[in-house]
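A.B. asks: Next input, structure requested:
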Amino acid sequence: MRIPLIEPYSEGAPEETIYLPKEVYERDPLLLTNDKEKTRFIKSVEKMVRGSYEYKEYISYLIKTQEMNVCSAFPGLSKELVRTIKLEIHHEPFTLYDIVFLIYTRFLNEGRKINVYTLADETLRTHFRGRVGLLPLSKTVHELVHVGKVFLPLQYLDDGFLEFFKDYKLEIENSPLKGVLEKKLEISKTFNFKSNSVLQKKYIYINAEDYDNMVQPFDLTR
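C.D. replies: Numbers count the residues shown, from 1 in each chain. Got it, this is the predicted structure:
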């Protein structure tokens with residue numbers, strides 16, 4: 001076997017320093033040239049928030065520990081009484097889309113960095129600080145609210161909405177959401193829960209002309 005020839009180690013070995021330029025990773029600035037692009041962008045942020053682990057855990061936390069386990073439209077309907085009921089958290093008077101829109105407007109006005117991550121992060125932080133209006137609703141009532149069949153007066157809300165309004169008053173007053181809020185406030189002043197007729201009981205009686213000739217059911221007790 002041949003032994004390789006190795007130069008002895010020397011303290012005076014030459015040194016060389018190589019400088020590498022710093023690479024800066026920057027995203028291209030976000031350019032939303034029309035309302036359609038803006039709507040698509042805000043919806044993408046809304047989708048990211050809803051799908052995030054943090055948001056799902058937050059909603060679960062509200063329902064389990066923050067007394068949001070009772071439907072706001074039916075006070076007697078709770079998770080404790082009906083284990084199978086599906087409760088959802090509803091944003092009021094502004095939807096989650098509206099909240100993202102207002103945060104986007106604030107970032108734009110302040111010249112802050114805008115992308116789906118920064119907006120989603122601020123939206124989640126706003127929720128975690130309890131600064132949005134939220135209501136627990138059963139799944140069916142929640143669907144009826146979103147199609148305009150049920151109205152929820154703003155008296156039902158806690159201080160979260162008031163805190164959000166104070167934080168984003170300027171953005172709200174300079175957006176179409178101001179008119180929406182004023183209308184909801186006006187309706188809430190004279191609102192009577194019985195006005196939600198779709199939630200009221202209705203008894204339906206069937207009067208069949210040929211009832212006497214119908215086949216009688218079997219008596220299973222015999």
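A.B. asks: Need the phi and psi values for residue 133.
C.D. replies: phi -80, psi 120 (degrees, to the nearest 10).
A.B. asks: Next, work out how far apart the residue nearest to it when sequence neighbours are not counted and residue 167 are.
C.D. replies: Leaving aside its chain neighbours, residue 133 sits nearest to residue 161 (3.1 Å; criterion: CB to CB, 6 or more residues apart in numbering). (Glycine included, C-beta is placed from N, CA and C.) Using CB to CB, to the nearest Å, we find residue 161 at a distance of 11 Å from residue 167.
A.B. asks: the more surrounded of those two?
C.D. replies: Neighbour totals were compared for residue 161 and residue 167, and residue 161 leads with 21 against 17 (other CB atoms under 10 Å).
A.B. asks: what's the spacing between the more buried one and residue 108?
C.D. replies: Going from residue 161 to residue 108 by CB to CB gives 23 Å.
A.B. asks: And for residue 136?
C.D. replies: For residue 136, the distance to residue 108 - CB to CB - is 33 Å.
A.B. asks: ok, the two, which is more surrounded?
C.D. replies: For the pair residue 136 and residue 108, the greater number of neighbours falls to residue 136 (24 against 14), based on other CB under 10 Å.
A.B. asks: and that one, what element?
C.D. replies: strand 134-138 (DSSP states H and E).
A.B. asks: Look at the residue nearest to residue 133 and tell me its secondary structure.
C.D. replies: helix (DSSP: H, G, I helix; E, B strand; the rest coil).
A.B. asks: Pretty sure it sits against residue 132.
C.D. replies: Yes - between residue 161 and residue 132 a contact is recorded at 7.0 Å, counting by CB atoms under 8 Å.
A.B. asks: Please, where are all the strands along the protein?
C.D. replies: For the chain, the strands defined by DSSP state E cover 87-91, 134-138.
A.B. asks: Burial-wise, tell me which of those strands comes out on top.
C.D. replies: strand 134-138 (a mean of 23; mean count of other CB atoms under 10 Å).
A.B. asks: Since that was my last question, I'll sign off now.
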